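# A predicted structure for the sequence below; I have some questions about it.
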Amino acid sequence: MALLKIRWFAAGAVVAAVALSLLNEGTLRWPAGRLELPQAAAAAPGATAALTLPVATTQPAAASKQPLRIICFGAHPDDCELRAAGSGAKWAAQGHQVKFVSLTNGDIGHWQMAGGPLAQRRTAEVQRSAQILGIEAEVLDIHDGELLPTLENRKTVTRLIRQWKADVVMCHRPNDYHPDHRNVGLLVQDAAYMVTVPFFCPDIPRLERNPVFLYYEDRFQKPNPFSADVVVGIDDVIEKKMAMVEALESQFYEGGCCSGLTELPQGEAAVARKQTVYDSFRRRFASTADRFRPQLKAYYGEQRGGSMSYAEAFEICEYGRQPTPDEIRRLFPFFGE
């Protein structure tokens, strides 16, 4: 019996050695739906199972001249749109591929209606916004207010990033007033390394190169304030972003869940309400340019950066790939426009 155990141990060592060799050479693959050894490994004595490795074959867009691929995660069907619609529209106009993903369906985000009808309405709103911006959008069927950083949700986020073959991933920071926002940040952070790990979610090929992960702008100070590492001027697409605000009617014109409204205004009051909402968001998008004027000047030059009226700002997450200044300019090909 002892001799038999030694033989099985030796056979296992051979399989492991061969598999590690193939891993280093990048030749080991995971055929969909089954475990299988390449011929060299299958010849090992006693080999009855496979060590396999999914490897994506696409090259990073920044290095291969292929269109960039950007995926943005938000907690609700309006979060990506508010924080990255301008940049998304600019990427799309240059032929790059952009996707906004809402991790919850927003089904309690209104003072008057809820459940399935609201979820369907909010999905329709972000789809209209996506058409305005020239991008793709997806809304997951997770209840608003109930997003948790579970293993299942981590796998979902990992798969979405891999399926999109992302060069850039965006999300909320994990310090935020809303639990769904915080948990989006945690889930994307937890996926930031796992997207490259071969045997995590092995049904979707891993990414050979970690994307650049970025956070949206916010004003929270503890435990640390937002750092504007990348600031994009969006004057040329501000009308698209404002049209998107109008498309998200249930959240902005109707006030979402905590607006204090008890009925929708009618007649002249409705016109005034829409103008008030429009003006407030225009000021909000302008405040980012004013807040990060030095960064705009650094990216666009003193004169141009000093004259920009609207902007979006992003912080580089330390868990993903750390881009050089040259790579930032390749990933955000707007600064020389």
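Arrived safely, thanks for sending.
# how far away is L296 from G109?
The gap separating L296 from G109 is 32 Å, by C-beta to C-beta, to the nearest Å. Where C-beta positions appear, they are placed from N, C-alpha and C, glycine not excepted.
# look at these two and report which has more neighbours.
A side-by-side neighbour count of L296 and G109, using other C-beta atoms under 10 Å, places L296 first with 26 against 23.
# the strands in the stretch 201-337 of the chain, which residues?
Applying DSSP state E, counting those that start in this stretch to the stretch 201-337 of the chain gives strands spanning 212-216, 230-233, 311-316.
# rebuild those strands as JSON lines, extending it with mean pLDDT, distance to Q66 and mean neighbour count.
Formatted as JSON lines, the strands of the stretch 201-337 of the chain follow (pLDDT from 0 to 100; distance: least, C-beta to C-beta, whole Å; neighbours: other C-beta atoms under 10 Å):
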{"stretch": "strand 212-216", "mean pLDDT": "98", "distance to Q66": "16", "mean neighbour count": "25"}
{"stretch": "strand 230-233", "mean pLDDT": "98", "distance to Q66": "21", "mean neighbour count": "25"}
{"stretch": "strand 311-316", "mean pLDDT": "98", "distance to Q66": "22", "mean neighbour count": "24"}
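# adding distance to R154, write those strands out as TSV.
Listed next are the strands of the stretch 201-337 of the chain as TSV, based on distance: least, C-beta to C-beta, whole Å:
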stretch	distance to R154
strand 212-216	14
strand 230-233	26
strand 311-316	21
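# in space, what's closest to E315 - neighbours in sequence excluded?
Excluding the flanking residues, the one nearest E315 by C-beta to C-beta, 6 or more residues apart in numbering is Y215, at 4.3 Å.
# low-confidence ranges in the stretch 201-337 of the chain?
337 (pLDDT under 70).
# where does the residue sitting nearest the centre point of the chain land in three-state SS?
When C-alpha atoms, centre = their mean is applied to the chain, the residue found nearest the centroid is C72 (2.7 Å). Three-state call for C72 (DSSP: H, G, I helix; E, B strand; the rest coil): strand.
# quick one, what contacts it?
By C-beta atoms under 8 Å, 6 or more residues apart in numbering, C72 lies in contact with C80, R83, A84, G88, V98, K99, F100, V101, V169, M170, C171.
# now stretch 76-83 - C-alpha only, PDB.
The C-alpha coordinates for stretch 76-83 follow below in PDB (Å, rounded to 0.1, in the frame of the first residue of the first chain):
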ATOM      1  CA  HIS A  76     -28.700  52.300  -9.800                       C
ATOM      2  CA  PRO A  77     -30.000  53.200 -13.200                       C
ATOM      3  CA  ASP A  78     -28.700  56.700 -13.200                       C
ATOM      4  CA  ASP A  79     -25.300  56.500 -11.400                       C
ATOM      5  CA  CYS A  80     -23.000  55.700 -14.400                       C
ATOM      6  CA  GLU A  81     -24.900  58.200 -16.400                       C
ATOM      7  CA  LEU A  82     -24.400  61.100 -13.900                       C
ATOM      8  CA  ARG A  83     -20.800  60.400 -13.400                       C
END
